[in-house]
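> based on what follows, work out the 3D shape:
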Amino acid sequence: MRTLRCLDGSALTVVPVAAVDRGGAPFEVTLELRRDGAVFGAVGERCGFFLADVAARLAAARADGSPQAARWPDPDDRFPGREAAVERGAERNAGRDGAAARDPELFAFRYRDRGDVLSTGELRCTVRTSALWVGRHQSSAGCWRVARRAVLEAWGASGRGVRAVLTSTELVRFLDGLLAEADRLQRRPPARRTGPIPAVQSLAGAGRNPRNRRPGR
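Numbering: from 1, shown residues only. I've put the predicted structure just below:
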């Protein structure tokens, strides 16, 4: 699942594009954003290992027996981050900026660097917490239902933005789709070779094996 339905009704598709070395061998990915099929922007140069790390942390948070599972019985609410602080803040400040300020950012990509100007595009994912009173209004016979969702926001080169809201399960499917495509691109034979090319680890495998680390520059 690499296409998301946004709140404005549009479809946002995130397409990994191979980054190749001078020998033509793919070694990483950049993300191309498409809105309703039209090119929207390009973000996240060499971001595959960062996405794999997010996927690994999300899988750990969703696992039964994790610290998040103890606080969030519904797996759709489980995300990596500062769970206890977020939960307390949401109950005290439902609908106010105080809770949002504690919500963690899972990733944020611009084209080359996070310091690039916004006009090059951006893809950002933040976990946000909301609280809804379940029961009759102005009655003690009720309780707060606290839920967590991933809010994925994308801005195109024109500065226009779109937003999609995902459960933890939906975010897993989205990341799995990106990593599977990135892994397929990485395994593509090089267009040409001019010398020895170092071995490249699988991007999808890097996100699921804590022994793999992003290589130093």
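
> alpha carbons only for contacts and neighbour counts from here, please
Noted.

> distance check, the closest residue to residue 63 other than its chain neighbours against residue 110.
Nearest non-adjacent residue to residue 63, counting by C-alpha to C-alpha, 6 or more residues apart in numbering: residue 69, 7.0 Å away. From residue 69 across to residue 110, the span is 32 Å (C-alpha to C-alpha, to the nearest Å).

> now swap in residue 142 and tell me
Between residue 142 and residue 110 the computed distance is 44 Å (C-alpha to C-alpha).

> neighbour count winner among those two?
Neighbours around residue 142 and residue 110, counted as other C-alpha atoms under 10 Å, are more numerous at residue 110. The numbers are 26 against 12.

> in this structure the more buried one contacts residue 46, no?
No: taking C-alpha atoms under 8 Å as the contact criterion, residue 110 and residue 46 are not neighbours in contact, 10.9 Å apart.

> neighbours around the closest residue in space to residue 172 that isn't next to it in sequence, how many?
Distances taken as C-alpha to C-alpha, 6+ apart put residue 55 closest to residue 172, at 6.9 Å, once the chain neighbours are dropped. Other residues lying near residue 55 total 25 when counted by other C-alpha under 10 Å.

> what's the answer for the one 3 residues further on, then?
Burial of residue 58, expressed as a neighbour count using other C-alpha under 10 Å, amounts to 21.

> name the element the residue nearest to residue 63 belongs to?
Assigning secondary structure by DSSP states H and E places residue 69 in helix 67-71.

> pull the longest helix from the chain.
helix 168-186 (DSSP state H).

> show residues contacting that one.
Where contact means C-alpha atoms under 8 Å, 6 or more residues apart in numbering, the residues beyond helix 168-186 that reach it are 1-3, 14-18, 25-29, 48, 51-52, 55, 58-59, 62, 75-79, 149-150, 200, 202-204.

> hmm, back to that, show me what contacts the residue nearest to residue 63?
Applying C-alpha under 8 Å, 6+ apart, we find residue 69 in contact with 61-63, 75, 78.

> tell me the pLDDT at residue 160?
What the model reports for residue 160 is a pLDDT of 86.

> and for it, the neighbour number?
One way to gauge burial is a neighbour count; for residue 160, by other C-alpha under 10 Å, it gives 11.
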